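[1] below: sequence and its predicted model.
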Amino acid sequence: MECIAAIDQGTQSTRVFIFDKNAQPVASHQEQFKQIYPKAGWCEHDPLVIWGSVQRCIEAAVAAAQQKAGQDIKVVGLGITNQRETTLLWSRSTGKPLHNAIVWLDNRTSEICRRWESQLEGSKDHFRPITGLPISTYFSAYKFQWMYENVPQVAAAVDSGDALFGTVDSWIIYCLTGGVKGGVHVTDVTNASRTNLMELTSLSWHEPFLDLFKIPASAMPRIVSNAEVYGHVAEGPLAGVPIAGCLGDQMAALLGQRAAPGEAKNTYGTGCFMLLNTGSQLTPSSHGLLTTLAHQLGPDASPSYALEGSVAVAGLGVSWLRDNLRIIDSADECETVANLVPDTGGVYFIPAFGGLLAPHWEEDARGALLGMTAFTTRGHVVRALLEAICFQTREVLEAMMLDTSQETKARTLSRGLSSALNDDQQQQHEQKGPGSPVAAMLHKSASYADHKASIAAAARDADAAEAAANGSPEQKSDHSAFPAAAADGAVAAGVVDHVAEGLEVKVAPGFNMSLNLLRVDGGATHNDTLMQLQSDILQVLVQRPKFQETTALGAALAAGLTVGLWDENFVLKHPSAENYSTFRPSVSKEDAAKRFRHWQKAVSRCLDLADLAT
């Protein structure tokens, strides 16, 4: 029985799945591991603990698959997907880590980021024209710099040429292929695109940026595609199996959802990550999103790109309610407690534990629980967290619409991100003229600062906006429904009664956005209440696959494509409709818009609070 194995190494746990030749899961095994919090806002992982969890999960998953199949299985390829941006360095001579891995959500590099912003032309957006990324604690280059400046063992190894740099994919592949005894030092294009060191156009390390961060080129892994043989497993139950696919977790989920160009997916894991496949089009963002790789399915294949909005806290917020506040006993109880109340009772929860990511990029924001009264119960707080996940998703999706639009014919649903571009600004935006995507990023970056200022202004007069929305019909028309693009696939226009025609979007030729449908996946999507809230707040269909672990599936598809178990048509084709559950809006567009305005007002109250802890 031929199978594909997939390692899914996440922020809070490691999992290994075994898939059959029909890409159906045969067996899996999961192991959680300890989070290390040395200081407030810091988060580390022990690389040796990660590697140990991978070994144990492989052994258990293979054994479970053989038992379930009632026969020996033959694993013909191994795929890997991993938490992105998390950064580590290890010794070339010993194969041992030089420091704990600094996790993607760690914010210890805030001061480093502020220094770069003050020193570099273009400030926060200096690197965008090359890497597609703003200056942020999120990305790997700044984590390397912190270790180099603060860990003598790291600095000595870097200066002597003994250090190897990598993200979690690099570490796992190195260990799987023998470690210090001939281990392969590579990283795939999707993980490389999150370091702030890779050129998006050439898919190679940008040497001027390596020099800027004082990273020797000899310490960097070789960049490879998402579907090729990187090496073979050195020992254990998968000894000799080719490691044939690797993608960062969110790109793996995009592939696992079989999202075509113009389609978006949102993964609800530790954080919340929405990606829009823009195909071969390198789309710059002027609304707080990231331009990144979607995938490159073979060393000679053309790359596909994506726009991404990253939200730091989703499932992590549920864990915080359980472990820190102790108002729920388990993650599963979150849905039950949220349903004890019909709404949040006016409570809004901004889970900015380490700042806000897309579309705000405010490292100094901090968490806030607002609107509480003597009436507030734990049910209101838990439900407010679920709504926070949904509101942040709406911010990101609206920004995606603006970044991909060339012409706006009507105003959008609220005084939110899209209201920041008035008619004159929109004309200026369109009159930038043609040019390369890289040049366009330089021209567009200035509008983002205006955009952020308008967010605060919108929050300050949220009450006035609400009054206008409750006024005459002419006033209400300014807050039209969240736009639904003309349907081109599984969902026909007009399926959702609450979605009215509001924003008509023209995009580049051959690029059609299905904005009336959001594909979802990840552990938190098991929560039906969360998915219904998401549909209500977005005012679009939310479609959940029956097999929700699409990150592991995406890694398996890439590996299966490489070894010839599946062809490209199988890898990219959407499953049939019966493989999905669909959630439809159950509230009016006016109610959704009102709640979103209240959310924006709450967000304005959580900014610039980092100094409260000093």
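    Everything's here; your move.

[2] need the helices for the stretch 1-150 of the chain, in chain order.
    Per DSSP state H, counting those that start in this stretch, the stretch 1-150 of the chain carries helices over the ranges 47-69, 110-119, 128-131, 140-150.

[3] relative to Leu607, which of those helices is closest?
    Closest of the helices of the stretch 1-150 of the chain to Leu607 is helix 110-119, at 14.3 Å (criterion: CB to CB). All C-beta spots, glycine's among them, are computed from the backbone N, C-alpha and C.

[4] three-state assignment of the residue nearest the centre of the chain?
    The geometric centre of the chain, computed from its C-alpha atoms, lies nearest to Phe273 (CA atoms, centre = their mean), at 2.9 Å. Counting by DSSP: H, G, I helix; E, B strand; the rest coil, the backbone at Phe273 sits in strand.

[5] how about the contacts made by it?
    Counting by CB atoms under 8 Å, 6 or more residues apart in numbering, Phe273 touches Asp249, Gln250, Ala253, Asn266, Thr267, Glu308, Gly309, Ser310, Val311.

[6] and the least confident of these?
    The lowest pLDDT within these belongs to Ser310, with 84.

[7] where does the closest residue to Tyr148 other than its chain neighbours sit: helix, strand or coil?
    Closest residue in space to Tyr148, ignoring its immediate chain neighbours: Ala155 at 5.4 Å, by CB to CB, 6 or more residues apart in numbering. When classified by three-state DSSP, Ala155 comes out as helix.

[8] so how far is Met401 from Ala155?
    According to CB to CB, to the nearest Å, Ala155 and Met401 sit 45 Å apart.

[9] tally of neighbours for the closest residue to Ala156 other than its chain neighbours?
    Once flanking residues are discounted, Ala156 sits nearest to Asp162: 7.9 Å by CB to CB, 6+ apart. Asp162 has 16 neighbouring residues, counting by other CB atoms under 10 Å.

[10] show the subsequent helix or strand relative to the host helix or strand of Asn191.
    Counting by DSSP states H and E, the element that carries Asn191 is helix 189-192. Downstream of helix 189-192, the next assigned helix or strand under DSSP H and E is helix 207-212.

[11] list the buried residues for that next one?
    Neighbour-count burial for helix 207-212, counted by 16 or more other CB atoms under 10 Å, picks out Phe209, Leu210, Leu212.

[12] check the offset of the helix or strand just after it from the chain's centre.
    Going down the chain from helix 207-212, the next helix or strand is strand 222-224, by DSSP H and E. Taking CA atoms, centre = their mean, to the nearest Å, one finds the center of strand 222-224 at 22 Å from the center of the full chain.

[13] contacts for strand 222-224?
    Strand 222-224 is contacted by residues 185-189, 192, 198, 203-205, 230, 246, 299 when judged by CB under 8 Å, 6+ apart.

[14] can you tell me the average pLDDT over the following helix or strand past it?
    Next along the chain after strand 222-224, taking DSSP H and E as the criterion, comes strand 231-232. Throughout strand 231-232, pLDDT has a mean value of 98.

[15] neighbours of the spatially closest residue to Ala524 that is not a sequence neighbour, how many?
    Leaving aside its sequence neighbours, Ala524 sits nearest to Tyr268 (CB to CB, 6+ apart; 3.6 Å). By the criterion of other CB under 10 Å, Tyr268 has 28 neighbours.

[16] okay if I get the contacts of Phe273 as a markdown table plus secondary structure?
    Output for these, formatted as a markdown table (three-state DSSP):
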| residue | secondary structure |
| --- | --- |
| Asp249 | helix |
| Gln250 | helix |
| Ala253 | helix |
| Asn266 | strand |
| Thr267 | strand |
| Glu308 | strand |
| Gly309 | strand |
| Ser310 | strand |
| Val311 | strand |
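
[17] closest one of the residues you listed to Ala331?
    Nearest to Ala331 among the contacts of Phe273 is Thr267, at 16.1 Å by CB to CB.

[18] now name the helix or strand holding Thr187.
    Element membership of Thr187 [criterion: DSSP H and E] is strand 186-188.

[19] just to revisit the earlier point, tell me who's in contact with the residue nearest to Ala156.
    Ser91, Arg92, Ser93, Ala156.

[20] okay, the third one and Val49: tell me how far apart.
    Looking back up the chat, that one is Ser93. Distance of Ser93 to Val49, given as CB to CB: 22 Å.

[21] which of these two has more residues huddled nearby?
    Ranked by neighbour count (other CB under 10 Å), Ser93 and Val49 place Val49 first, with 16 against 12.

[22] isn't the more buried one right next to Gln35, touching?
    No. Assessed by CB atoms under 8 Å, Val49 is found out of contact with Gln35, at 10.4 Å.

[23] output the contacting helices and strands for the longest helix belonging to the chain.
    Of all the segments of type helix in the chain, defined by DSSP state H, the longest one is helix 378-404. Secondary-structure packing of helix 378-404 (3 or more CB pairs under 8 Å, 6 or more residues apart in numbering; DSSP states H and E): strand 264-268, strand 272-279, strand 304-311, helix 315-320, helix 333-338, strand 348-350, helix 528-538, helix 589-604.

[24] can I get those in TSV including distance to Gly371?
    Listed next are these as TSV, based on distance: least, CB to CB, whole Å:
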stretch	distance to Gly371
strand 264-268	24
strand 272-279	22
strand 304-311	21
helix 315-320	17
helix 333-338	16
strand 348-350	5
helix 528-538	17
helix 589-604	7
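
[25] quick one: which of the ones you listed is nearest Pro242?
    Of all the helices and strands packed on helix 378-404, strand 304-311 sits nearest to Pro242, with 23.3 Å by CB to CB.

[26] list the helices and strands that closest one packs on?
    Using 3+ CB pairs under 8 Å, 6+ apart: strand 304-311 touches helix 249-256, strand 272-279, strand 290-295, helix 378-404.

[27] and the third one, what's its mean pLDDT?
    I take that to be strand 290-295. The model assigns strand 290-295 a mean pLDDT of 93.

[28] kindly report the same for the longest one.
    Computed over helix 378-404, the mean pLDDT rounds to 92.

[29] and that helix, what's buried?
    Within helix 378-404, the residues scored as buried using 16+ other CB under 10 Å are 378-404.

[30] next: stretch 590-610.
    592-603, 606-607, 609-610.

[31] what segments of the stretch 451-600 of the chain are strands?
    Applying DSSP state E, counting those that start in this stretch to the stretch 451-600 of the chain gives strands spanning 517-521, 541-545, 580-583.

[32] most tightly packed of the ones you listed?
    Among these, strand 517-521 has the highest mean neighbour count (mean count of other CB atoms under 10 Å), at a mean of 25.

[33] that one vs strand 264-268, what angle?
    Interaxial angle of strand 517-521 relative to strand 264-268 (axes from the mean of the first three to the mean of the last three CA atoms, to 10 degrees): 30 degrees.

[34] mind checking how far strand 517-521 is from the chain centre?
    Mean-position distance between strand 517-521 and its chain equals 13 Å (CA atoms, centre = their mean).

[35] paired strands for it, with orientation please.
    In its sheet, strand 517-521 lies beside strand 264-268 (parallel), strand 541-545 (parallel), with partners assigned from DSSP bridges.

[36] could I get the average pLDDT for that strand?
    pLDDT averaged over strand 517-521 gives 89.
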